[in-house]
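1. Fold the following, please.
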Amino acid sequence: MYRINRLFNPEIFQGQYKKKNYFEGWYFKLINGNQKSILSIIPGIAINKNGEKEAFIQAIDGIIGQSHYIPFDYDDFKYNSERFQVIIGDNYFSKDRMILNLENDNFICIGELHFLNPIPYPKTRFCPGIMGPFSFVPLMECYHGVVNISHNIQGQMVYQKKIVNFDNGYGYIEKDWGKSFPESWIWVQCNHFTKENVSFMFSIAKIPWFGSFFIGFISFLRIGDKHYTFATYTSCKIKHLNLKDHLISITLKNSKHELKVQVEISNNVGELMAPKVGSMDRKIEETINSKVSITLLDNKNNIIFKDTGHHGGTELSGPYKKLLVPNH
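-> Numbers count the residues shown, from 1 in each chain. As a prediction, this is how the structure comes out:
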């Protein structure tokens, strides 16, 4: 039953039977009501090629770009096999709550946050998550899931000896699991637009495929109750993907819509540890304070939606320039 349940519920822990070469992590983005505190918290586990296991919690301060990695014994990791519920030591994570008790010589983050009015990623029988039918393909290098497209936050934390109130804040949850992060990828996420109930994510990566590889991408735009998916498996095309002077330009096109995106990458970059063959020994850089501008058009070039968001997450890793697509 667990094997079937995990396919249709990518948010739950997927690695119950994994013995080596495996990682799994959840990404919580937290922005408080006055937007002066921006944090990403990443709980996870890693099992290397020798079967050595560890649990961890990472954190990035989006304002100053400072990051922290807190290791735990694997025995401190507990999970629920029926729903998304993860415990690492005295820290608790789910789609509707987070409890943190992190304190060492240079990092303090203690408190409880509640996630209200969560909007889950829509599921169907053949598309149980953002990866669509690729969710059912075994032995992929890396899988991706979106847990909460957005949610409101209530609660407070003691962060670096200061009390931070997260009431009326806004958040987002996604996750990754598999053997390794891709060789190269570009990732953008933003759900802090001037208009309410808007969320966007784009990811493109080099994906191994039966001895070869292909360049695949997934993306969604949520505007209120309307959900737009742009992905390799929907026959969507990338008309343009370029990077120049800290500005990413993206144009996605399908039979009904065209999505234009510009990302002004922030200089407040934090360093994260990322998995390679189940070992957390790869360093990547991420910012969670980029500016993201979006224009959605119909197939007659009429503007459906246009807005600019702030506090966007951005990662460019590996030889990502090979992922760029010239105008065509």
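
2. in the chain, which spans are helices?
-> 2-8 (DSSP state H).

3. Residue nearest the middle of it, spatially speaking?
-> residue 174 (4.2 Å; C-alpha atoms, centre = their mean).

4. Quick check, it in contact with residue 187.
-> No - with contact defined as C-beta atoms under 8 Å, residue 174 does not count as touching residue 187 (9.6 Å). All C-beta spots, glycine's among them, are computed from the backbone N, C-alpha and C.

5. For the residue nearest to the centre of the chain, list the residues it contacts.
-> 26-27, 144-147, 189, 201 (C-beta atoms under 8 Å, 6 or more residues apart in numbering).

6. One more pass at 6 Å, please.
-> Taking C-beta atoms under 6 Å, 6 or more residues apart in numbering, we find residue 174 in contact with 27, 146.

7. Could you measure from it over to residue 324?
-> Per C-beta to C-beta, to the nearest Å, residue 174 is found 23 Å from residue 324.

8. Likewise for residue 245?
-> 14 Å.

9. who's more crowded, those two?
-> residue 324 (16 against 6; other C-beta atoms under 10 Å).

10. I figured residue 306 was touching residue 297, is that so?
-> No - contact criterion C-beta atoms under 6 Å: residue 306 and residue 297 do not qualify, at 9.1 Å.

11. Of those two, give the one with the bigger neighbour count.
-> residue 297 (17 against 12).

12. what stretches of this protein score poorly on pLDDT?
-> The chain contains residues with pLDDT under 70 at 328.

13. Looking at it, which strand is longest?
-> strand 279-298 (DSSP state E).

14. For it, list the C-alpha coordinates in PDB.
-> What follows is strand 279-298, C-alpha atoms only, in PDB (Å, rounded to 0.1, in the frame of the first residue of the first chain):
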ATOM      1  CA  SER A 279      26.300  12.500  -0.300                       C
ATOM      2  CA  MET A 280      25.700  16.100   0.800                       C
ATOM      3  CA  ASP A 281      29.000  17.300  -0.500                       C
ATOM      4  CA  ARG A 282      28.100  19.500  -3.500                       C
ATOM      5  CA  LYS A 283      27.900  23.300  -2.900                       C
ATOM      6  CA  ILE A 284      25.300  25.400  -4.800                       C
ATOM      7  CA  GLU A 285      24.200  29.000  -4.500                       C
ATOM      8  CA  GLU A 286      20.700  30.300  -4.000                       C
ATOM      9  CA  THR A 287      19.100  33.700  -3.500                       C
ATOM     10  CA  ILE A 288      15.500  34.100  -2.200                       C
ATOM     11  CA  ASN A 289      15.300  37.900  -2.900                       C
ATOM     12  CA  SER A 290      15.000  38.200  -6.700                       C
ATOM     13  CA  LYS A 291      12.500  40.300  -8.600                       C
ATOM     14  CA  VAL A 292      10.200  38.300 -11.000                       C
ATOM     15  CA  SER A 293       8.100  40.000 -13.700                       C
ATOM     16  CA  ILE A 294       5.400  37.900 -15.500                       C
ATOM     17  CA  THR A 295       3.200  38.500 -18.500                       C
ATOM     18  CA  LEU A 296       0.700  35.900 -19.600                       C
ATOM     19  CA  LEU A 297      -0.800  36.200 -23.100                       C
ATOM     20  CA  ASP A 298      -3.500  34.300 -25.100                       C
END
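
15. So which elements touch that strand?
-> With contacts taken as 3 or more C-beta pairs under 6 Å, 6 or more residues apart in numbering; DSSP states H and E, strand 279-298 sits against strand 38-47, strand 257-264, strand 270-276, strand 303-317.

16. Can you pull the phi and psi angles for residue 167?
-> Note on residue 167: backbone dihedrals following degrees, to the nearest 10 are phi -60, psi 140.

17. correct me, but it touches residue 154?
-> Yes - if you go by C-beta under 6 Å, residue 167 and residue 154 touch, sitting 5.4 Å apart.

18. neighbour-wise, which of these two wins?
-> residue 154 (16 against 13).

19. Identify the residues contacting the closest residue in space to that one that isn't next to it in sequence.
-> Nearest residue to residue 154, sequence neighbours excluded (C-beta to C-beta, 6 or more residues apart in numbering): residue 114, at 4.7 Å. Applying C-beta under 6 Å, 6+ apart to residue 114 gives the contacts 97, 154-155.

20. Could you list the buried residues of the longest strand of the chain?
-> Within strand 279-298, the residues scored as buried using 16 or more other C-beta atoms under 10 Å are 279-280, 284, 286-297.

21. neighbouring strands for it, and are they parallel or not?
-> strand 257-264 (antiparallel), strand 270-276 (antiparallel), strand 303-317 (antiparallel) (DSSP bridges).
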